[in-house]
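Enquirer: with the input below, show me the fold.
(chains A and B)
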There are 2 protein chains.
Amino acid sequence: MSAEWLRRWRRGGPAERPGPDPAAGPGPPPPALCYRRPKFVPGGAEESPRGGRAVRGAGSERRLPWGAGYAEVINAEKSEFNEDQAACCQISVRRREPGLEEDEEWLILCSMQFLTGYYWALFDGHGGPDAAIIASNYLHYCIKQKLEEVVGGITEAQPPMHLSGRCVCDSDPQFVEEKHIHAADLVVGALENAFQECDEVIGQEMEAMNQTGGCTALAALYFQGKLYVANAGDSRAILVLKDNVVPMSSEFTPETERQRIQHLAFLFPKLLDGEFTRFEFPRRLKGDDVGQKVLYRDYFMEGWGYKTVEKADLKYPLVHGHGKQARLLGTLAVSRGLGDHQLKVIDTNIEVKPFLSCIPKVNVFDFALHDIKEDDVLIMATDGLWDVLCNSEVAQMVRSFLAENRTDPQRFSELAKCLVCRARGMKRGHQWMLDDSHEASYDDISVFVIPLHNKEED
Amino acid sequence: MSAEWLRRWRRGGPAERPGPDPAAGPGPPPPALCYRRPKFVPGGAEESPRGGRAVRGAGSERRLPWGAGYAEVINAEKSEFNEDQAACCQISVRRREPGLEEDEEWLILCSMQFLTGYYWALFDGHGGPDAAIIASNYLHYCIKQKLEEVVGGITEAQPPMHLSGRCVCDSDPQFVEEKHIHAADLVVGALENAFQECDEVIGQEMEAMNQTGGCTALAALYFQGKLYVANAGDSRAILVLKDNVVPMSSEFTPETERQRIQHLAFLFPKLLDGEFTRFEFPRRLKGDDVGQKVLYRDYFMEGWGYKTVEKADLKYPLVHGHGKQARLLGTLAVSRGLGDHQLKVIDTNIEVKPFLSCIPKVNVFDFALHDIKEDDVLIMATDGLWDVLCNSEVAQMVRSFLAENRTDPQRFSELAKCLVCRARGMKRGHQWMLDDSHEASYDDISVFVIPLHNKEED
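Expert: This is a model prediction of the structure:
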């Protein structure tokens, strides 16, 4: 499960790297990490001025897969950089000949050996932009490589599933069927493994460059008739269909993953180094609470109980605060994502990484089971959007915008800009305000609008 | 969190034990463990003959809470004893005066200090009947005690929640409300803690008696207008309402908890002592699989991938088989329950308990949100019933039986017998067969039918 393939490939230098074959996705990642906006955003590395928070979109000369729309805006004052990153491309998955070595295979190019996937992803960086940039450079390579490892199982007739022309369950032909292993399960497994591999790559790259930071990752993959959305972090994807809204991800935060995080601290109390308490209380306890009974809950509880406060309970809580203020070890606002291998709690030797998970939850939408209408879209956005807009508000904007702009060839790009503008609001004095006079989003905001109806045209 | 209260109480002997006050629930547990059927089943300790598998019910002279019906049957050939046990009672929860010691309180009996709950529970034993008997003797005591620990938080006006007349969040009055802590959360926490305490009690009792074994536990508690169903194991509770069926529990088996179990083995590989592999494969691997690629999944995967088989993969799997044949460490068919503190994998020093959880999942049904009709019932049954009948079959039987038997005062008991009879089937030759000529349940079968409509009459 190592990133050996990547190391070998990177050591090989440009001569061994694939050329910029459009059918094989974007060109190879840049040899050194440099700050930039996504390649499909005109202006390249240049950053939009933060004061004005100008909304930027994909250039009209660079068509994104399926004619998807994209827009982004930098935060008001949160960080110097726009720490969101985005990527999209075709992913061409080669069928591997059993018995051939990888390097030999690399030279075999035959169109019949390709399956084509489509990929869009958002990465929300923290502690610097580097992890998000590396993830936007590499995650699709990891996905491509992991899909190629299982493509034999996907393309053969099933059940039973074959590999190397040999049934993996010939002693018990019912076995695969009873375990309900389908081609989609191999794609889900490939995405899970790809996130893990990308996390490893980021760790190696960041260590080599002496950089820190991490990012959330939300990736959508269309492959063999199904849409897979893999999420590790607090970005969100929803399908806005004619008659309903289908959530395609759920957010991972220190609050939503409290029990997993507390359980790890229970199993390995040394990870807290005596500086934190794993118990949850309604508020941070104070010295004069000692001896009082307060509400608490431990890792195994969904309910609450009372306990008598001891001195050890006064330590800083493992998960503290709620909503956007919730922090893991007082440090991090998300509980899943890529990177952060070097992150420690300030002024301590306590590592955050053991509590962070790089594994995504993957949701699958089967196009064969749904009658996709013309204006049906997948909306992907970082938390900058969802902090101020709920699913139904976004769905309402999507439906009315698309109904009113039937003929504009740039309608999905314009819709993406419109959503970003709505969440960013307008500047009034020193504040960014929404239409309804609530505070607007101060965060970076990135949005993909992906039309589903014309998917077969690409 | 120790069972100190129980040790003290048991040491105290009969003089310090509460008398058989009907309002305070059943009498004290028997001083020594002896095999018996539930107290409300006429015939006491005597077992029904296994060959005939006669269905036994609650005696008509012993009314169960809410006029609930009960029936049971012993297994055909699975074990010498009926390893299912059952319990039901009122649970009287005293309000504790802050500052009073427990022993002083014990003497204060004032009807205004009682809140009344109603309790029904099923325990499905394995490895002997002892754990199920102890659980049926003690779990309601543990629940009563845990409810008394939080009753101040339940009975005071809220939010904010008070204890000892002091707001636990006076520095931040929004805090409790934002965490959405309600009285129901305290009951859920009390049930979670009660299961844990009961597990500890069983461990102590079984060690003292040099006994082994464990049991599943499914407990329903009606308290303050809500029905709580706490489940640890593979029994099941469903609400059969006029217009729909509401599942009130979900089963915990080595298959449903595969990821939790594999994760523990990943974190503490020594628990497997080199004898088991934590990976899941579609089937047990053989020597000539080494070097081949096979489907697998690890603890972080919901999908599947391929791996090349190594020698270590040939070890016995941590979770093996599927459905009723699935076993944890080749030993146990459930992944949650009480007891089993001494259980080891045969011929090894590998302990099963670390992989077993005693924590229930608690589901809550709020009567205030539903218009309960006359024939609405809660069905609780051990896996012996659900192995051969699905929710909709049971619901259909319940509705037609109650519609056809409107006036029989014993209708809920008769319905319980009818459900047990259906799952037990009829003996044809050496086999027990269902009406539809499928194999009937060979397991112990226990069923509660609890009418919801007349709950306030008790």
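Enquirer: CA only for contacts and neighbour counts going forward, please
Expert: Fine.
Enquirer: residue A:82 contacts residue A:129, correct?
Expert: Yes - with contact defined as Cα atoms under 8 Å, residue A:82 counts as touching residue A:129 (7.5 Å).
Enquirer: pLDDT below threshold where in the stretch 101-250 of chain A?
Expert: Counting by pLDDT under 70, the stretch 101-250 of chain A has low-confidence residues at A:101-113, A:156-178.
Enquirer: quick check: the residue of it nearest chain B.
Expert: At 3.9 Å from chain B, residue A:189 is the closest residue in the stretch 101-250 of chain A, using Cα to the nearest Cα.
Enquirer: these two touch, right, that residue and residue B:304?
Expert: Yes - assessed by Cα under 8 Å, residue A:189 is found in contact with residue B:304 at 4.6 Å.
Enquirer: who has more neighbours out of those two?
Expert: Taking other Cα atoms under 10 Å in any protein chain shown, residue A:189 and residue B:304 do not tie; residue B:304 has more neighbours (27 against 24).
Enquirer: phi and psi next, for the more buried one.
Expert: The phi and psi values for residue B:304, taken as degrees, to the nearest 10, are phi -120, psi 160.
Enquirer: can you pull the contacts of it?
Expert: Residues in contact with residue B:304 (Cα atoms under 8 Å, 6 or more residues apart in numbering or on different chains) are A:181, A:185-190, B:295-297.
Enquirer: swap in residue A:185?
Expert: Counting by Cα under 8 Å, 6+ apart, residue A:185 touches B:302-304.
Enquirer: likewise residue A:181?
Expert: Contact analysis of residue A:181 by Cα under 8 Å, 6+ apart lists residue B:304.
Enquirer: am I right that it falls within a helix?
Expert: No - Residue A:181 is assigned coil when assessed by DSSP: H, G, I helix; E, B strand; the rest coil, not a helix.
Enquirer: what about the strands in the stretch 351-458 of chain A?
Expert: Assigned by DSSP state E, counting those that start in this stretch, the stretch 351-458 of chain A shows strands spanning A:361-366, A:377-381, A:426-428, A:431-433, A:445-451.
Enquirer: mind listing residues that contact the second one?
Expert: Read that as strand A:377-381. Here strand A:377-381 makes contact (Cα under 8 Å, 6+ apart) with A:122, A:218, A:235-241, A:445-453.
Enquirer: the residue nearest to residue A:316 when sequence neighbours are not counted: neighbour count?
Expert: In space, and not counting its chain neighbours, residue A:316 is closest to residue A:276: 4.8 Å by Cα to Cα, 6 or more residues apart in numbering or on different chains. Neighbourhood size, residue A:276 [other Cα under 10 Å]: 21.
Enquirer: so residue A:276 makes contact with residue A:311?
Expert: No - Residue A:276 is beyond contact range of residue A:311, at 11.9 Å (criterion: Cα under 8 Å).
Enquirer: start to end distance for stretch A:266-277?
Expert: Terminal residues of stretch A:266-277 are spaced 10 Å apart (Cα to Cα, to the nearest Å).
Enquirer: that older thread, mind giving me a markdown table with the strands of the stretch 351-458 of chain A and columns for mean pLDDT, mean neighbour count and distance to residue B:343?
Expert: Below are the strands of the stretch 351-458 of chain A laid out as a markdown table (pLDDT from 0 to 100; neighbours: other Cα atoms under 10 Å in any protein chain shown; distance: least, Cα to Cα, whole Å):
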| stretch | mean pLDDT | mean neighbour count | distance to residue B:343 |
| --- | --- | --- | --- |
| strand A:361-366 | 98 | 18 | 35 |
| strand A:377-381 | 98 | 26 | 50 |
| strand A:426-428 | 92 | 14 | 66 |
| strand A:431-433 | 92 | 17 | 63 |
| strand A:445-451 | 98 | 28 | 54 |
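Enquirer: nearest to residue B:54, of those strands?
Expert: strand A:361-366 (48.9 Å; Cα to Cα).
Enquirer: tell me the secondary structure for residue A:50?
Expert: Using three-state DSSP, the structure places residue A:50 in coil.
Enquirer: make that residue A:86, sorry
Expert: Strictly by three-state DSSP, residue A:86 counts as strand.
Enquirer: again, but for the one 3 residues further on
Expert: The three-state assignment at residue A:89 reads strand, by three-state DSSP.
Enquirer: residue A:213 reaches residue A:127, doesn't it?
Expert: Yes - between residue A:213 and residue A:127 there is a contact under Cα under 8 Å: 4.3 Å.
Enquirer: who's more crowded, those two?
Expert: Between residue A:213 and residue A:127, counted using other Cα under 10 Å, the more crowded position is residue A:213 (21 against 16).
Enquirer: can you list the domains in chain A?
Expert: Split into domains by automatic domain parsing, chain A comes to A:4-252+A:358-457, A:258-333.
Enquirer: ends of the last one, what's the gap?
Expert: To tie it back to what came earlier, the one meant is domain A:258-333. Domain A:258-333: ends 12 Å apart by Cα to Cα.
Enquirer: centre of the chain versus it, how much separation?
Expert: Offset of domain A:258-333 from its chain centre (Cα atoms, centre = their mean, to the nearest Å): 28 Å.
Enquirer: and whichever residue of the stretch 301-450 of chain A sits closest to chain B, how many neighbours?
Expert: Per Cα to the nearest Cα, residue A:303 is where the stretch 301-450 of chain A lies closest to chain B, at 3.9 Å. By the criterion of other Cα under 10 Å, residue A:303 has 22 neighbours.
Enquirer: wait, a helix at it?
Expert: No - assessed with three-state DSSP, residue A:303 is coil; it does not lie in a helix.
Enquirer: hang on, it packs against residue B:188?
Expert: Yes - in this structure, residue A:303 is within contact of residue B:188 by Cα under 8 Å, at 4.7 Å.
Enquirer: okay, helices next: where are they in chain A?
Expert: For chain A, applying DSSP state H gives helices covering A:4-12, A:102-107, A:130-155, A:174-178, A:183-209, A:258-267, A:383-386, A:391-404, A:411-424.
Enquirer: could these go into TSV alongside distance to residue A:431?
Expert: Listed next are the helices of chain A as TSV, based on distance: least, Cα to Cα, whole Å:
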stretch	distance to residue A:431
helix A:4-12	45
helix A:102-107	54
helix A:130-155	28
helix A:174-178	59
helix A:183-209	35
helix A:258-267	33
helix A:383-386	16
helix A:391-404	22
helix A:411-424	11
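Enquirer: could you identify the longest strand within chain A?
Expert: The longest strand of chain A (DSSP state E) is strand A:114-126.
Enquirer: beta partners for residue A:361?
Expert: Assessed by DSSP bridges, residue A:361 has beta-bridge partners residue A:231.
Enquirer: show me what contacts it?
Expert: A:192, A:230-232, A:249-250.
Enquirer: JSON lines please, covering the residues you listed and showing neighbour count.
Expert: What follows is the contacts of residue A:361, written out as JSON lines (neighbours: other Cα atoms under 10 Å in any protein chain shown):
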{"residue": "A:192", "neighbour count": "26"}
{"residue": "A:230", "neighbour count": "27"}
{"residue": "A:231", "neighbour count": "32"}
{"residue": "A:232", "neighbour count": "30"}
{"residue": "A:249", "neighbour count": "24"}
{"residue": "A:250", "neighbour count": "19"}
